[in-house]
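Novice: Okay, here's the prediction I keep looking at, along with the sequence it came from:
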Amino acid sequence: LKIYLKGDVRMYDITDSLFCDELILYDQKLKKFTAIGNINFYKNSQHIQSEKLKYITLDTLKNIQVDIMGKAMIKDSLRIVKGDSIAISYYDTLIKNISIKKHAEVYNYRYAKIDTNGEKQIFEDLMQSKKITIDFKDDVLEYIELDGMARAKFNVIKDTLINGLNTLSGDSILIYFDGENIENMYIKGGARGHFKPEKNNSEIEFEIEYNADQINYFVSDEYSYLIDNANLIYGETLLNAGEIYADWKKNYLEARIKDDVYPSVSGMSDNPTYGELLIYDLVSKKGKMIQGETQYGQGTNTMYYKGNKIYRNDNLIYHISNSILTSCDNDNPHYFFKSKKMKMIPDQHIYAKPMTLYIHDYPLLTIPFAIFPNKAGDRISGWIMPSFGNNSKGTYLNDLGYYYAPNEFIDNLFLLDIYDRYGVQY
């Protein structure tokens, strides 16, 4: 038996009401029906809209399946769900699961303030993907899974204040909720993120771009892991590592070794500094590299330096403790200058105090203070790095010297050679 109703159809139940253009009833107890055209279905707190709706009670346990197609949408007080087609599973009046099968979008709404003295406003979070699954437990949202070209844009809220806007994308995103608040987000496959701070409420000055193979973001606890091939750009600073840990509560980063990928840090134009562990403060813009090493210059002017700890402040000045400076690219250099304290100012000078010249790990000369030029091609006073080798005179160190240029019209160059058989020659 089928009953066909057509033209401004209205149907009411105890908790439900349906409005549509056409309705097909398959039984008199309203356990199975199909609605067509301009559908508005009110079930408990949900408002369901579509062009076609199929409703079926699956068993005596009150498990209900509702399928909606064509401009499908579900609304309640806190979210809107959209898609080409949506499947909704109920247990009696409670939603168990929602599956959005194409062009899926979920809008989630939360209350927050722009400033401490202002009133709470509604802010919108957006999730988009080819397919989205929403799961509930005891009528409480448990998780949302985005599968295929996943993208999530959500507001970062601290103590009811808007702290910034975070946009994440990847092949898939799994979002867990604690009540109405986002607890954790796991992004997999080409994971990327962009954080735009709210200037009045965030201590972070610049926008942050970051990416990795995977991102695990613990939103409620305010920390993240960028896992495998991790990269982060903050202002003029570029971080790369096997893994990056971000503490958003304290606003600092740790770049760590993973799978033989070492941390590195650089500015937009300088060579990267590599090490075993990098710690970087997003607020002060100061960083520290443990067991760091880097190089500057090109060709025969290339210089290498290493240090137990390398500190960098916000104006890109480096401070290196227990440092080694050399032009020899061997892992164990033939010669090097060693200093307890070294300061490197890009495109200006390197200052060292005290400084000792070593040849094959043997100290040869110590002076209390030294200056090296740190910019190729310009008239800058400083020590000249020598070349190292071996010939008929024995092992030598050639063209060790000092260049003095007090102005653009006057300069002086002092050079000397050191031979293990003949001594010092000017």
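Specialist: Looks like it came in fine. Residues are numbered from 1 along each chain as shown.
Novice: Spatially, which residue comes closest to the most centrally placed residue in the chain, not counting chain neighbours?
Specialist: Centrality entry for the chain: nearest residue to the mean C-alpha point is residue 210, 3.0 Å, by C-alpha atoms, centre = their mean. Closest residue in space to residue 210, ignoring its immediate chain neighbours: residue 232 at 4.3 Å, by C-beta to C-beta, 6 or more residues apart in numbering. C-beta coordinates here come from the backbone N, C-alpha and C atoms, glycine included.
Novice: Which helix or which strand is home to that neighbour?
Specialist: Using DSSP states H and E, residue 232 sits within strand 223-234.
Novice: got a list of contacts for that strand?
Specialist: With contacts defined as C-beta atoms under 8 Å, 6 or more residues apart in numbering, strand 223-234 is touched by 191, 206, 208-218, 238-249, 253, 255, 258-259, 261, 280, 282.
Novice: List the buried residues for it?
Specialist: Neighbour-count burial for strand 223-234, counted by 16 or more other C-beta atoms under 10 Å, picks out 224, 225, 226, 227, 229, 230, 231, 232, 233, 234.
Novice: Direction included, what does it pair up with?
Specialist: If you go by DSSP bridges, strand 223-234 pairs up with strand 208-218 (antiparallel), strand 237-247 (antiparallel).
Novice: For the first one, buried residues please.
Specialist: What that stands for is strand 208-218. Per 16+ other C-beta under 10 Å, strand 208-218 contains these buried residues: 208, 210, 211, 212, 214, 215, 216, 217, 218.
Novice: give me the low-pLDDT residue ranges for the stretch 1-150 of the chain?
Specialist: Within the stretch 1-150 of the chain, the ranges that satisfy pLDDT under 70 run 28, 30.
Novice: Show me where it has its strands.
Specialist: 3-12, 16-25, 32-43, 46-57, 63-75, 79-91, 94-100, 104-112, 121-129, 131-137, 140-158 (DSSP state E, counting those that start in this stretch).
Novice: residues of the second one that come out buried?
Specialist: What it means is strand 16-25. Neighbour-count burial for strand 16-25 [16+ other C-beta under 10 Å]: 16, 18, 19, 20, 22, 23, 25.
Novice: ok, and the closest non-adjacent residue to the third one?
Specialist: In space, residue 19 comes closest to residue 40 once its chain neighbours are excluded; the distance is 4.5 Å by C-beta to C-beta, 6+ apart.
Novice: Could you pull up the residues touching the one you found?
Specialist: Neighbouring residues of residue 40 by C-beta under 8 Å, 6+ apart: 18, 19, 20, 47, 48, 49.
Novice: where's it relative to residue 55, distance?
Specialist: Here residue 40 is placed at a distance of 14 Å from residue 55 (C-beta to C-beta, to the nearest Å).
Novice: go on, residue 347?
Specialist: 72 Å.
Novice: quick one, which of those two is more surrounded?
Specialist: For the pair residue 347 and residue 55, the greater number of neighbours falls to residue 55 (22 against 14), based on other C-beta atoms under 10 Å.
Novice: Can you lay out the strands paired with strand 223-234 as JSON lines showing mean pLDDT?
Specialist: As requested, those are exported to JSON lines (pLDDT from 0 to 100):
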{"stretch": "strand 208-218", "mean pLDDT": "97"}
{"stretch": "strand 237-247", "mean pLDDT": "95"}
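Novice: Let's have the ones you listed in CSV, adding distance to residue 153.
Specialist: Formatted as CSV, the strands paired with strand 223-234 follow (distance: least, C-beta to C-beta, whole Å):
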stretch, distance to residue 153
strand 208-218, 13
strand 237-247, 19
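Novice: pLDDT wise, what is the closest residue to residue 248 other than its chain neighbours at?
Specialist: Closest residue in space to residue 248, ignoring its immediate chain neighbours: residue 222 at 4.3 Å, by C-beta to C-beta, 6+ apart. Residue 222 is assigned a predicted lDDT (pLDDT) of 92.
Novice: so how many other residues sit close to residue 222?
Specialist: Count around residue 222 with other C-beta under 10 Å applied: 16.
Novice: For it, give me phi and psi.
Specialist: When read as degrees, to the nearest 10, the backbone of residue 222 gives phi 60, psi 50.
Novice: For the helix or strand hosting residue 168, buried residues please.
Specialist: Using DSSP H and E, residue 168 sits in strand 161-178. Using 16+ other C-beta under 10 Å as the test for burial, strand 161-178 gives 161-166, 168-170, 172-177.
Novice: Which two among those residues are spaced furthest apart?
Specialist: 161 and 172 (30.6 Å; C-beta to C-beta).
Novice: hang on, residue 262 packs against residue 276?
Specialist: Yes. Contact criterion C-beta atoms under 8 Å: residue 262 and residue 276 qualify, at 7.0 Å.
Novice: More neighbours: which of the two?
Specialist: The neighbour count for residue 262 versus residue 276, taken as other C-beta under 10 Å, is higher for residue 262 (20 against 13).
Novice: For stretch 186-199, list the C-alpha coordinates in PDB.
Specialist: Output in PDB follows, covering the C-alpha atoms of stretch 186-199 (Å, rounded to 0.1, in the frame of the first residue of the first chain):
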ATOM      1  CA  TYR A 186      45.300  15.300  13.300                       C
ATOM      2  CA  ILE A 187      46.200  16.300   9.700                       C
ATOM      3  CA  LYS A 188      47.800  13.700   7.500                       C
ATOM      4  CA  GLY A 189      49.200  13.800   3.900                       C
ATOM      5  CA  GLY A 190      50.800  17.100   2.800                       C
ATOM      6  CA  ALA A 191      49.700  18.800   6.000                       C
ATOM      7  CA  ARG A 192      49.900  22.600   5.800                       C
ATOM      8  CA  GLY A 193      48.900  25.400   8.200                       C
ATOM      9  CA  HIS A 194      48.700  29.200   8.400                       C
ATOM     10  CA  PHE A 195      48.200  31.100  11.700                       C
ATOM     11  CA  LYS A 196      47.100  34.700  11.600                       C
ATOM     12  CA  PRO A 197      47.400  36.300  15.100                       C
ATOM     13  CA  GLU A 198      44.900  38.700  16.500                       C
ATOM     14  CA  LYS A 199      47.100  41.700  17.000                       C
END
